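**Q** Predicted model and sequence below, questions to follow.
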Amino acid sequence: MGYRYEPGPHGYAFHMPPVSLIGANSLPSSGEVISRLGFKKALLVTDKFLSQRGGSGFVISVLVDNGIDYHVYDGVSSNPTRSEVERGLEALNEHGCDFILSFGGGSPHDAAKVIGLLKTNGGKIHDYVGVNLAKVKAFPLVAVGTTGTASEMTRFACITDEDRMSKLSIIDDMMTPVVTVEDPAVLKMPRHLTAATGMDCLTHAIEAYLSTHSNPVTDANALHSIKLTSSFLKQAHATSNYTGLDERKANSRARDMMGYASYLAGMAFNNAGLGLTHAMSHQIGGLYNLPHGVCCAVLLPTVLRFNAPAKVEHIMDIANAMGLKGWEDSSSALRMVTSFVLDLNRDLGLPRNLEEMGVETEDFGLMAENAMKDSCLVTNCRAPSKEDIISLFETAFTQDFEWK
């Protein structure tokens, strides 16, 4: 192993939150860390599911126990929108908070990051679409993950522009949270959410490993994430059930390992970037308001086949990380990797294709055009044309769980 790409004249940069609290009881201990940072009042950014089901009470108790005031903003949807971010910024200004605390999956974290970016940099969301366009560090953010999307520790955010019905991708070092928390006690989700976020994690790791900007550090992160996800996602899914954050389920080890898998994948793609699967899934999610992880899961097999010619040896590495046996060459490795992903989708109860998800073929052209502009496409290992992406949408529209 070594550098698969020559580093630029300034080498590689590796972006991480300054403080990461990981593992059992990391959330209760975060209160002391927040207090040491001198924060007095949080804007708690979450969603209504966690707020109404009592999930936010767990993090609120940490704040109260440490004498930290808070205001709850739970107006974030599963695909956060520009207007939701703007309302969150209004709440931040109105209630005199000195930091943001995001609690939930990727949606609250993405919204919170952009709220913080706008707070210190001003302007509109569209001003920051792209890579590293902010001039000033975002408002301080403490991010507590509950789903394993890794958004709680990355510099990536996606916001839906409801006027254009497309997702705006922002990648900016200035949005990196100051503290991130990964506690398996709060990684309790309904099965459908465990499935979606788990496949998002797997996609993060695979796309980071195949990225044109990967390096030995991100490769190590990505491959071990693939190994953990392949080993523990189905176990975590089988024991998933949201029954309140105080009740611990039997298979906490599987949830714990999925938390590490998510974090490792986040370390990988936060620095190596993503690829075509995400560029395409953002368009489906933005146009149809569909779950991001499900879009990734359905698109991943088709995109893997497209990218494979540019990454022959690395597909074999992925097969090894998944624990697959019996493949003889790159072609058979690709077949087994693709079949593994399709089998995983089926076993997790996910849709087999875009048609089952309600996607319309007449939108393929528009979605392909927008995917060509997506920031995630920059580091894809094979450059597609608009026609290529339309063809990939067509393949994913009719694919079955059997590799053909």
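**A** Sure thing, it's come through.
**Q** Poorly predicted segments of the stretch 201-350 of the chain, please.
**A** 241-251 (pLDDT under 70).
**Q** show me where the stretch 51-200 of the chain has helices.
**A** Listed in chain order, the helices of the stretch 51-200 of the chain (DSSP state H, counting those that start in this stretch) span 55-65, 82-94, 106-121, 191-209.
**Q** Which residues lie in contact with the residue most central in space within the chain in this structure?
**A** For the chain, the residue nearest the mean C-alpha position is T149 (3.9 Å; C-alpha atoms, centre = their mean). For T149, the contact set (C-beta atoms under 8 Å, 6 or more residues apart in numbering) comprises G105, G106, H109, T197, D200, C201, S262, G293. No exception for glycine: its C-beta is placed from N, CA and C like everyone else's.
**Q** what about 10 Å?
**A** For T149, the contact set (C-beta atoms under 10 Å, 6 or more residues apart in numbering) comprises 104-107, 109-110, 196-198, 200-201, 204, 262, 265-266, 292-293.
**Q** again with D388
**A** Listed by C-beta under 10 Å, 6+ apart, the contact set of D388 reads L276, F306, A368, M372, R382.
**Q** so it sits in a helix?
**A** Yes. Checked against DSSP: H, G, I helix; E, B strand; the rest coil, D388 lies within a helix.
**Q** Roughly how far does it sit from L276?
**A** The span separating D388 from L276 equals 9 Å under the rule C-beta to C-beta, to the nearest Å.
**Q** any residues in contact with both of these two?
**A** Jointly contacting D388 and L276 under the rule C-beta under 10 Å, 6+ apart are F306, R382.
**Q** M280 - how many residues pack around it?
**A** Around M280 there are 29 other residues, counting by other C-beta atoms under 10 Å.
**Q** Now do the same for it: helix, strand or coil?
**A** Look at M280: counting by three-state DSSP, its state is helix.
**Q** I'd say it and I389 touch.
**A** Yes. Using C-beta atoms under 10 Å, M280 is in contact with I389, at 6.5 Å.
**Q** what touches both of the two?
**A** Residues touching both M280 and I389 (C-beta under 10 Å, 6+ apart): V303, M367, A368, N370, A371, L377.
**Q** how about these, which pair is most distant?
**A** Within the shared contacts of M280 and I389, V303 and N370 form the most distant pair, 16.0 Å apart (C-beta to C-beta).
**Q** which one of the two has more residues nearby?
**A** Remark: of V303 and N370, V303 carries more neighbours, 28 against 20, as counted by other C-beta under 10 Å.
**Q** For that one, what is the enclosing helix or strand?
**A** Of the helices and strands defined by DSSP states H and E, V303 is found in helix 292-307.
**Q** Kindly export that helix (C-alpha atoms) in CSV.
**A** Provided in CSV are the C-alpha atoms of helix 292-307 (Å, rounded to 0.1, in the frame of the first residue of the first chain):
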residue,chain,number,x,y,z
HIS,A,292,-30.9,9.9,1.4
GLY,A,293,-29.6,6.6,2.7
VAL,A,294,-32.2,4.7,0.7
CYS,A,295,-31.4,6.6,-2.5
CYS,A,296,-27.7,5.7,-1.9
ALA,A,297,-28.5,2.0,-1.3
VAL,A,298,-30.5,1.7,-4.5
LEU,A,299,-27.9,3.6,-6.7
LEU,A,300,-24.7,2.0,-5.2
PRO,A,301,-24.7,-1.3,-7.2
THR,A,302,-25.2,0.5,-10.5
VAL,A,303,-22.6,3.1,-9.9
LEU,A,304,-20.1,0.5,-8.7
ARG,A,305,-20.3,-1.2,-12.1
PHE,A,306,-19.8,2.1,-13.8
ASN,A,307,-16.7,3.0,-11.7
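**Q** Quick one: list the elements packing against that helix.
**A** In this structure, helix 292-307 makes packing contacts with helix 106-121, helix 191-209, helix 276-288, helix 312-321, helix 330-347, helix 386-398, judged by 3 or more C-beta pairs under 10 Å, 6 or more residues apart in numbering; DSSP states H and E.
**Q** Quick check: M367 vs F306, distance?
**A** According to C-beta to C-beta, M367 stands 16 Å off from F306.
**Q** returning to that earlier point: tell me which of the helices and strands packed on helix 292-307 lies nearest to A297.
**A** Nearest of the helices and strands packed on helix 292-307 to A297, taken as C-beta to C-beta: helix 191-209 at 3.7 Å.
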